[in-house]
Structure formats: C-alpha cells, structure tokens
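Student: just a sequence and a predicted model for now, questions to come.
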Amino acid sequence: MARHFSTWHDGLAIIGLRFSNVMEPLDYARFPEWQSDPSIRSWNAWSYVDARDVAQACRLALEVDLTGADAFIIAAADTVMERPSRDLVAATFPDTEIRHLDGDRATLLSIEKARRILGYQPQHSWRTESP
C-alpha cells in the first residue's frame with residue numbers, strides 16, 4: 001500500500017523501520033535468565049535492538065535521500081544469547097538452512113539493507129554494556 005501511495009505522489013518517501021525487540025541498558029540484566037533455555041527467545045530469532053540504536057535508525061531514515069517506499073529491519077548485530085547462532089538454530093529449528101552469518105553470535109535478522117541504504121551501524125550490545 002505504501003509503495004502504491006508513494007507512486008501517486010511524486011517524490012514522496014515512505015520508510016518503514018521494523019524494530020526488533022527494543023531494549024534499554026537496564027533490560028540487559030535479564031539476559032542471563034534466558035541462557036539455559038533457547039526456546040524462551042526463539043520467537044524472534046533471539047534478536048533485540050538497543051533503544052539508542054533505534055534512535056540512530058530514526059535519524060538516518062529522516063536524513064536519507066530516497067523516494068518511493070521501502071522497509072528496513074533494525075536489530076542489534078548480535079543475539080540475546082551466549083550460544084553461537086548456528087547452534088541455536090540447529091537445536092531449535094533443525095531443518096533450517098543458514099546461508100550467511102557475520103560472526104558466531106551474529107543476528108539472524110538481516111540488517112544488511114539498513115546498513116547499505118541507511119548507513120545504519122549498531123553501536124550498542126548487551127555483551128559490552130550490561131549493568
């Protein structure tokens with residue numbers, strides 16, 4: 001619908017930001033609770049995004065020179081789990097193929113498009129900023 005609407009109004013940009021589970025630094029204290037049972041957080045592929053990175057994505061979306069309509073996944077570069085992402089998928093979704101990961105604990109949600117087009121670079125991780 002957004003794409004159609006943007007074609008009716010030449011030059012109009014509509015940007016959808018699809019935020020993963022938004023967390024604030026104080027929320028990081030809960031992350032250890034989830035480590036023994038990966039199924040607790042499998043509902044969103046163990047992803048999250050720091051609220052400060054959400055703010056960054058909003059600013060970038062307002063500043064980018066785009067026309068038309070597009071949507072971007074906004075997530076942290078890592079997962080909420082200590083276990084490697086491949087191990088989480090193998091244990092929880094054994095028939096799922098993983099094509100590409102940027103590291104052992106990389107997010108399973110692709111933020112590549114947001115990086116490439118918006119210039120989004122997650123700056124905050126629970127691994128380095130836990131209270």
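Tutor: It's in. Residues are numbered from 1 along each chain as shown.
Student: which stretches of this structure form helices?
Tutor: Along the chain, counting by DSSP state H, helices occupy 2-8, 51-63, 85-92, 112-113, 126-129.
Student: the closest residue to Ser110 other than its chain neighbours pairs with what?
Tutor: Counting by Cβ to Cβ, 6 or more residues apart in numbering, Ile73 is the residue found nearest to Ser110 once chain neighbours are left out, at 6.2 Å. Quick note: C-beta positions are derived from backbone N, CA and C, even for glycine. On the basis of DSSP bridges, Ile73 is bridged to Arg18.
Student: for this protein, which spans come out with low pLDDT?
Tutor: Scanning the chain for pLDDT under 70 picks out 1-12, 130-131.
Student: and with 90 instead?
Tutor: For the chain, residues meeting the criterion pLDDT under 90 lie at 1-15, 65-70, 97-103, 129-131.
Student: residues near Ala91, how many?
Tutor: Counted with other Cβ atoms under 10 Å, the neighbours of Ala91 add up to 12.
Student: same check, this time on Gln121
Tutor: Gln121 is flanked by 13 other residues according to other Cβ under 10 Å.
Student: which residues are in contact with it?
Tutor: Gln56, Arg115 (Cβ atoms under 8 Å, 6 or more residues apart in numbering).
Student: next one: it relative to Ala76, how far apart?
Tutor: Using Cβ to Cβ, to the nearest Å, Gln121 is found at 11 Å from Ala76.
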